[in-house]
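**Student:** fold the following, please.
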Amino acid sequence: MPFGFQEGENAVQVIFQDISKRKKAEAARRVSEERYLLLSENMTDVIHLNTPDPDIHYVYVSPSIRMAGYDPSELIGRSPFEKLVEPEDVEILRQSLSRILASKSRDVSEYRVRVRDKSVIWVETTANPILDSDGNVVYIACSSRDITPRKRVEEALRESQQQMSDIISFLPDAIMAIDLNGKVMIWNRAMEILTGVMARDILGRGDYEYSMPFYGYKRPILVDMVLRPHEGFESEYFGFKREGTAVVGEAFISTFGPHGSYLLAKATALCDDIGNTVGAIESIRDMTERRLMEQKIERSRTELHVAAEIQRSFIPKKTPNIPNFEVAAVTIPAMEVGGDFYDFISLPDGNYGLVIADVAGKSIPAALFMALSRMIIRACAAHQSLASEVLKSANNMIASDATAGMFVTLLFGVLDGEALTLKYADAGHPTPLLFKSRDCRYVEEAASGIALGAKEGVGYEERTIKFEPGDVAVFYTDGVTEAMNAQGELYGLERLTGAINKACQSSAEEIQAKILEELTAFRMDREQTDDITLVVLKACREVEKHSYFILESRDDEIPKATAQVEKIMSWAGFGGLEILNVQLAVEEACINIVRHGYRGTDGAIRIAFDYECDSLSVSIEDDAPQFDPTKFEEPDFSADLEKRPIGGLGIHLIKSLVNEMRYEFKDGKNRLMLKKTKDKPLIGSHPGGGIDANMDEEQRGYLYN
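**Tutor:** Residues are numbered from 1 along each chain as shown. This is a model prediction of the structure:
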């Protein structure tokens with residue numbers, strides 16, 4: 001029956017049934033809405049129902065919107081674009097709406113929302129379309145939640161990743177990384193410069209394409225060997241080794257670069273935050289320039305070593321045997337090669353030429369100039385007999401060829417072993433330090449002459465040193481006196497002469513060793529900055545170890561005995577005061593024999609000298625009546641001179657002047673034996689060593705009675 005108003009019972013019934021269904025549907029909808037509202041009002045997420053029109057309007061907003069500082073009533077019927085959504089993010093919601101309307105399916109979007117206190121939070125909205133019976137979108141039901149903490153973490157992570165990316169990008173070493181599938185994840189700017197391949201053209205590529213810029217074909221490189229072994233390729237890296245998860249190696253790639261390149265690489269595993277390997281990273285450093293420089297340095301070092309060997313061949317391997325001289329010599333270059341040198345030249349007349357020199361400059365130039373100077377000096381010495389003429393000729397030759405600023409200070413002398421002389425001339429070089437044997441007294445030699453090569457046509461003065469046995473001459477270069485300690489002090493001439501003075505009674509070798517020892521102690525850890533050269537000469541005429549002669553028992557014969565004492569002890573290297581002590585002892589013994597033994601009658605005094613091991617023994621024998629001086633009672637020096645008996649002081653004197661005195665009477669002969677050893681107390685050290693310095697003139701006069 002058509003719906004309408006009809007008279008009768010049946011018409012009323014139809015209208016009643018129609019209202020019941022509608023009311024029932026409305027009641028069901030109210031229940032559903034109440035349940036939805038109850039659910040939404042108790043959720044922390046914001047539940048809102050929006051219209052699908054372009055500007056979107058709120059139809060419903062749950063109370064949880066109060067987290068943003070708003071009441072739902074403030075938003076119903078209004079667009080979220082008005083107050084909530086950041087203007088820059090409006091387009092995000094419009095695009096989400098477009099996707100929903102097009103697909104009629106759920107969509108998720110993230111955008112920023114301004115809360116009432118002007119702060120901004122991030123929101124993630126999940127939107128579901130509500131369709132009518134015809135499939136049209138009538139509402140959009142949304143659930144929005146605050147994701148600000150997550151976005152902050154993501155932002156911090158992005159910043160960290162960006163910082164790491166920037167660091168890697170600007171590292172000086174070329175860096176690349178691959179994932180577990182062998183695809184490039186990192187390719188920094190240094191790698192772009194090294195290979196000429198831009199990051200945009202290689203990132204994401206795999207199948208060993210990253211090896212193409214190096215080798216020209218696809219193959220594993222060091223970064224691949226982190227993830228799995230590649231034994232066939234590992235051997236191509238010299239110095240290849242594994243250190244935990246890292247591998248290190250260097251390779252020469254002949255096809256990389258114009259003439260090939262040396263590449264040093266180190267690769268290690270890349271791990272995530274829980275330690276799982278996610279790939280491998282490799283740094284590559286171009287070592288070509290360094291390796292070529294090392295090769296060049298090695299060649300230079302080899303050449304320098306050869307030059308040093310050649311230069312060492314110029315220095316005498318041993319000192320010559322010069323008659324009546326001990327010789328010690330040494331040169332210590334500050335660098336591998338130097339400009340100092342010394343030389344000994346055998347001359348036609350049997351004498352020896354002595355050379356010590358210091359060339360201006362250091363290293364190879366100085367070494368070459370040193371070789372030239374040595375050759376010229378040797379050539380000139382072969383044709384000149386005078387040291388001054390040798391330097392004059394050598395200077396003219398050197399000056400004519402030397403470049404500006406090249407010169408050499410040099411001393412040349414002629415050593416005559418028989419005459420014990422050195423005739424020398426110096427060209428701007430420090431003159432020798434001369435120490436006299438009698439008292440280790442330093443005698444300064446005056447300097448003269450200018451350096452060889454400084455000016456052509458100059459003359460040089462010749463000087464002569466007359467040696468006595470035991471005299472010492474030390475020749476040196478300024479590397480000795482100008483050696484510097486940590487405080488910047490120079491070693492100086494005073495310290496040098498002091499070192500020589502301490503050892504002047506020793507051999508030439510011992511004197512040289514003493515100088516070097518004190519020089520090293522002075523310099524300590526300070527680096528040697530100049531060449532050091534030393535030559536030590538010590539006159540040492542062959543000692544007559546055993547001699548014997550006879551004197552007549554007269555006062556005028558006694559000086560012969562004291563002269564012989566001086567001759568023997570000087571040759572043996574005794575000091576001047578030691579010689580005087582023995583002379584006085586022998587003189588006193590002979591006077592006693594002449595005056596108190598023979599008592600003016602004719603007789604003979606036999607004297608024998610024996611020198612062994614730094615000790616001189618003197619035996620004095622006579623035929624006079626037996627007399628033992630060792631039993632003579634020692635005089636009382638505390639008594640007044642007027643009351644003191646005459647005599648006895650001479651015997652006391654002899655005892656004080658020598659180290660040992662013995663007497664024996666054998667075969668009718670008196671024999672007095674005296675012994676003196678080097679380095680024993682000298683005159684002025686009483687008792688047992690010499691004259692008492694406290695004696696007055698009258699007391700000393702009694703010594704000869």
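**Student:** what does stretch 180-194 contact?
**Tutor:** 165, 168-179, 197-199, 202-210, 224, 227, 277-279, 281, 284, 286 (C-beta atoms under 8 Å, 6 or more residues apart in numbering). Heads up, the C-betas are built off the backbone N, CA and C, glycines and all.
**Student:** of those residues, which belong to strands?
**Tutor:** Mapping these onto strands (DSSP state E) picks out 174-179, 277-279, 281, 284, 286.
**Student:** which of those count as buried?
**Tutor:** 174-179, 279, 281, 284, 286 (16 or more other C-beta atoms under 10 Å).
**Student:** show me which of those residues is closest to residue 375.
**Tutor:** Closest approach to residue 375 among those (C-beta to C-beta): residue 286, at 47.1 Å.
**Student:** ok, the closest one to residue 261 distance?
**Tutor:** 6 Å (C-beta to C-beta, to the nearest Å).
**Student:** low-confidence stretches in the chain?
**Tutor:** 1-43, 161, 402-405, 438-440, 541-544, 632-649, 679-705 (pLDDT under 70).
**Student:** if we use 50, what do you get?
**Tutor:** 1-5, 12-16, 637, 639, 641, 643-647, 680-705 (pLDDT under 50).
**Student:** which residues touch residue 504?
**Tutor:** 435, 437, 440, 472, 511.
**Student:** which of the residues you listed sit farthest apart?
**Tutor:** Farthest pair in the contacts of residue 504 (C-beta to C-beta) is 437 and 511. Separation: 12.3 Å.
**Student:** hey, what's in contact with both of the two?
**Tutor:** Residues touching both residue 437 and residue 511 (C-beta under 8 Å, 6+ apart): 472, 504.
**Student:** mind listing what residue 319 touches?
**Tutor:** Residue 319 touches 327-329, 344, counting by C-beta under 8 Å, 6+ apart.
**Student:** same deal with residue 597?
**Tutor:** 553, 603, 622, 624-625, 627, 670.
**Student:** can you pick the most crowded of those residues?
**Tutor:** Counting neighbours by other C-beta atoms under 10 Å, residue 622 leads the contacts of residue 597 with 24 neighbours.
**Student:** quick check: bridge partners of that residue?
**Tutor:** Per DSSP bridges, the residues bridged to residue 622 are residue 605, residue 670.
**Student:** can you check residue 549 too?
**Tutor:** residue 607.
**Student:** isn't it right up against residue 607?
**Tutor:** Yes - Residue 549 lies in contact with residue 607 (C-beta atoms under 8 Å); the separation is 6.2 Å.
**Student:** care to break this protein down by domain?
**Tutor:** Per the record, the chain has its domains at 1-35, 43-145, 154-286, 306-539, 546-704, by automatic domain parsing.
**Student:** so what would you say the end-to-end distance of the longest one is?
**Tutor:** Between the opening and closing residues of domain 306-539 lies a distance of 37 Å (C-alpha to C-alpha, to the nearest Å).
**Student:** can you give me how far it is from the chain middle?
**Tutor:** Using C-alpha atoms, centre = their mean, to the nearest Å, the mean C-alpha position of domain 306-539 is found 31 Å from that of the whole chain.
**Student:** next: stretch 244-259.
**Tutor:** Distance, centroid of stretch 244-259 to centroid of chain: 31 Å (C-alpha atoms, centre = their mean).
**Student:** what is the end-to-end distance of that stretch?
**Tutor:** Per C-alpha to C-alpha, stretch 244-259 runs 34 Å from first to last residue.
**Student:** so for residue 549 and residue 607, which sits in the more crowded spot?
**Tutor:** Between residue 549 and residue 607, residue 607 has the larger neighbour count (other C-beta under 10 Å), namely 21 against 12.
**Student:** mind listing what that one touches?
**Tutor:** 548-551, 561, 564, 586, 618-621.
**Student:** of these, grab the buried ones for PyMOL.
**Tutor:** The PyMOL command for the buried members of the contacts of residue 607 (criterion: 16+ other C-beta under 10 Å) is given here:
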select buried, resi 551+561+564+586+618+619+620+621
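**Student:** how about the contacts of residue 607 in CSV, adding distance to residue 272?
**Tutor:** Formatted as CSV, the contacts of residue 607 follow (distance: C-beta to C-beta, whole Å):
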residue, distance to residue 272
548, 105
549, 108
550, 112
551, 112
561, 106
564, 103
586, 103
618, 101
619, 103
620, 107
621, 110
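**Student:** quick one: the helices in the stretch 51-200 of the chain?
**Tutor:** All helices of the stretch 51-200 of the chain, identified by DSSP state H, counting those that start in this stretch, fall at 72-75, 80-83, 90-103, 148-170, 189-195, 199-202.
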